[in-house]
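1. Generate a structure from the sequence data that follows.
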Amino acid sequence: MEVTRRDFMALAAIAASSGLMPRETLAQAISPERLLDFESLGNVTLLHMTDSHATLLPVHYREPDTLLPVGDEAGKPPFVTGEAALKFYGFAKGSLDAHAFTPVDFAELARRYGKMAGYAHIATLVKRIRAERPGKVLFCDGGDTLQGSATSTWSEGRDMVDAINLLDVDLFSPHWEFTFGIDKVKEYFGDLEKRGLFKGEFLAHNVQDVIWKEPVFKPYAIRQVGGVAVGVIGQAFPYTPISHPRKFVPDLTFGIQEEQLQRYVDELRDEKKVDLVVLLSHNGFSVDIKLAGRVKGLDVILGGHTHDAIPRALQVGKTLVLQSGAHGKYLSRLDLDVRDKKIQTHRFKLIPVLASHIPADPDMAALIQRIRAPHEKKLSEVLAVSENVLYRRGNFNGTFDEVVLDALLKHYDAEVAFSPGFRWGVSLVPGQPITYEDAFTHTALSYPNTWTRELTGAEIKTIMEDVADNLFNDDPYYRQGGDMVRVGGVGYTIDPKKKIGQRIADLTVGGKPMDLNKKYKATGWASVNDVDGPPAYDVVANYLRSVKRVKIAPVSRVKVV
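-> Okay, here's the model as predicted:
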């Protein structure tokens, strides 16, 4: 690969911050061969991506600076963040790994390395690995793929079905896909009786008909990979009917279904005689860790939902557990040496998809161009300019969350605003224009409408306590993923170690103590109930048009005990 002057200057900066000589840095940081360096091992390669949220193009995406652990999770991935993560993993400040896996010096390193992700770049990686390992590769998508962008919203996810077909995904397990409604899911992915538009296999063992208690989709698939019989079980997000409007899945039940999962594992091993059992999961990382310690016979869990980018596969008993981040920022590669129905050894890499160093696949690039062309003018409208880093990830209010909250407060002239703690939504760097498309990447739902009504202080506290329990419950099986509800106009203290009803204290509204009996004008969006206010993306876009420049002061309204 030819190294340009721009590359050399970036390398010099890396060398200065890392203490390495430029020649050593060149070998370690710049070449695509180094970036993608992976010594093949064994007879099976599992490729995994998840939670891309319809991010077709390269983007910036800041990892969280705060993820609070519960109990013995302290000091363990993914709850090691920021500077602590650099030390834990041994990443040098200023390195690509530091940028890919932590928020440290995010704006500076975003300028240095450029954007990440992009389906055309992922396609190049996948084709390269398949060519290197013919007949030995199985490519799994963990879901949250059809939702999260303007084009996916307007096409009801059809654009992403075309993208994953061109990417040649083998197996898929869902979550947000259901928010387009069960009829769309069946059109795209089929069910037990017929195939859909998706060329691979759609797996969800834990989705059943509420009346007949019968499976709706295939629970598992068996594939021959490198001479190995691989059984893959699909696990849809267990709390789909609770986290989203029930109308999307009115006649279906979900749940973790641990006992049923054990039966399928046993069936694959004892009756189907598979050599390797994989769970393609959308549970969330902490749930997968607990599950790995309770379900016997699982060799690998390919996890999703909580957007955790974990550079090393973790071992729980005999089960390897991994999760592959979000927004297409990474592609996981897990090579396995499978003999005598056991994993003898493994090699893993969570590959950062550095768009500037991975050529775009021309076929995927052409598809993306066709998808976007009819909407390009609308998508590219500049609404405002960001003066600081705008992001969403983290346990409490991110800076783009503040934009959404300010927009709601202004639109409704409200005292209190709520915005869900969704972990999807790309980041923007200082000086970057904020486009209409960017407004969508933080509000792209099939139920985006805003609402306003009066809530008492007691009702506001109850809402916050319920969400906090979903995040900090001692039992991972009672956590629904995501982060704390974002609240505008409100300050509070939270003690995650306490029990439900006791975590939230010292509530204020507008800087004054909250009166639990007083009614406050409140607003929000993404309600599971039917509401008829204007969609959040229009409210946010109009707000950005009015302010022109966005500079969010550090948020200090949340005190963590």
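
2. What is the lengthiest helix in the chain packed up against?
-> Assignment by DSSP state H gives helix 457-472 as the longest helix of the chain. When contacts are defined as 3 or more C-beta pairs under 8 Å, 6 or more residues apart in numbering; DSSP states H and E, helix 457-472 packs onto strand 490-494, strand 504-509, strand 519-525. Any C-beta I mention is one placed from the backbone N, CA and C, and that applies to glycine too.

3. do that again at 7 Å, thanks
-> strand 504-509, strand 519-525 (3 or more C-beta pairs under 7 Å, 6 or more residues apart in numbering; DSSP states H and E).

4. deepest of these, which one?
-> Mean neighbour count (mean count of other C-beta atoms under 10 Å) peaks for strand 519-525 among the helices and strands packed on helix 457-472, with a mean of 22.

5. May I have the strands that pair with that strand, each with its orientation?
-> The strands that strand 519-525 pairs with in its sheet are strand 416-419 (parallel), strand 450-456 (antiparallel) (by DSSP bridges).

6. so after it, what's the next helix or strand?
-> Sequence-wise, the next helix or strand downstream of strand 519-525 (DSSP states H and E) is helix 536-547.

7. Relative to the whole chain's centre, how far out is that following helix?
-> 25 Å (C-alpha atoms, centre = their mean, to the nearest Å).

8. Just want the angle from that helix to strand 450-456.
-> If you take axes from the mean of the first three to the mean of the last three C-alpha atoms, to 10 degrees, helix 536-547 sits at 90 degrees to strand 450-456.

9. picking up where we left off before, deepest of the strands paired with strand 519-525, which one?
-> When those are scored by mean count of other C-beta under 10 Å, the highest mean neighbour count falls to strand 416-419 (a mean of 26).

10. can you tell me the average pLDDT over it?
-> When pLDDT is averaged over strand 416-419, the result is 98.

11. Just the CA trace of that strand, in CSV.
-> Taking C-alpha atoms only, strand 416-419 is exported to CSV below (Å, rounded to 0.1, in the frame of the first residue of the first chain):
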residue,chain,number,x,y,z
VAL,A,416,-39.7,18.5,32.1
ALA,A,417,-38.7,16.4,29.1
PHE,A,418,-38.1,12.7,28.7
SER,A,419,-36.0,11.0,26.0
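
12. Okay, buried residues for the very next helix or strand once past it please.
-> Once the chain leaves strand 416-419, the next helix or strand it forms, by DSSP H and E, is strand 433-435. Buried residues in strand 433-435, counting neighbours by 16 or more other C-beta atoms under 10 Å, are found at I434, T435.

13. which residues sit against the helix or strand hosting L408?
-> Per DSSP H and E: L408 is located in helix 399-412. With contact meaning C-beta atoms under 7 Å, 6 or more residues apart in numbering, helix 399-412 is reached by 388-392, 414, 417, 419, 425, 442, 450, 452, 486, 488-489, 523-525, 536, 539-540, 543, 550, 552, 555.

14. can you check stretch 107-124 too?
-> Contacts of stretch 107-124 (C-beta under 7 Å, 6+ apart): 10, 13, 49, 55-61, 94, 96, 98-99, 163, 167, 327-329, 331, 352-356, 358-361, 364-365, 368, 389, 429-430.

15. Next up, the contacts around the closest residue to L268 other than its chain neighbours.
-> Nearest non-adjacent residue to L268, counting by C-beta to C-beta, 6 or more residues apart in numbering: G231, 3.7 Å away. Contacts for G231 (C-beta under 7 Å, 6+ apart) come out as Y220, I222, L268, K272, V274, L276, V277.

16. What of K127?
-> Counting by C-beta under 7 Å, 6+ apart, K127 has contacts D361.

17. Going by neighbour count, which residues in the helix or strand hosting it are buried?
-> Per DSSP H and E: K127 is located in helix 119-132. For helix 119-132, the neighbour count (16+ other C-beta under 10 Å) marks Y119, A120, H121, I122, A123, T124, L125, V126, I129, R130 as buried.

18. need those in JSON lines with distance to F400 and pLDDT, can you?
-> As requested, those are arranged in JSON lines below (distance: C-beta to C-beta, whole Å; pLDDT from 0 to 100):
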{"residue": "Y119", "distance to F400": "23", "pLDDT": "98"}
{"residue": "A120", "distance to F400": "25", "pLDDT": "98"}
{"residue": "H121", "distance to F400": "24", "pLDDT": "98"}
{"residue": "I122", "distance to F400": "24", "pLDDT": "98"}
{"residue": "A123", "distance to F400": "28", "pLDDT": "98"}
{"residue": "T124", "distance to F400": "29", "pLDDT": "97"}
{"residue": "L125", "distance to F400": "28", "pLDDT": "96"}
{"residue": "V126", "distance to F400": "30", "pLDDT": "98"}
{"residue": "I129", "distance to F400": "34", "pLDDT": "97"}
{"residue": "R130", "distance to F400": "36", "pLDDT": "98"}
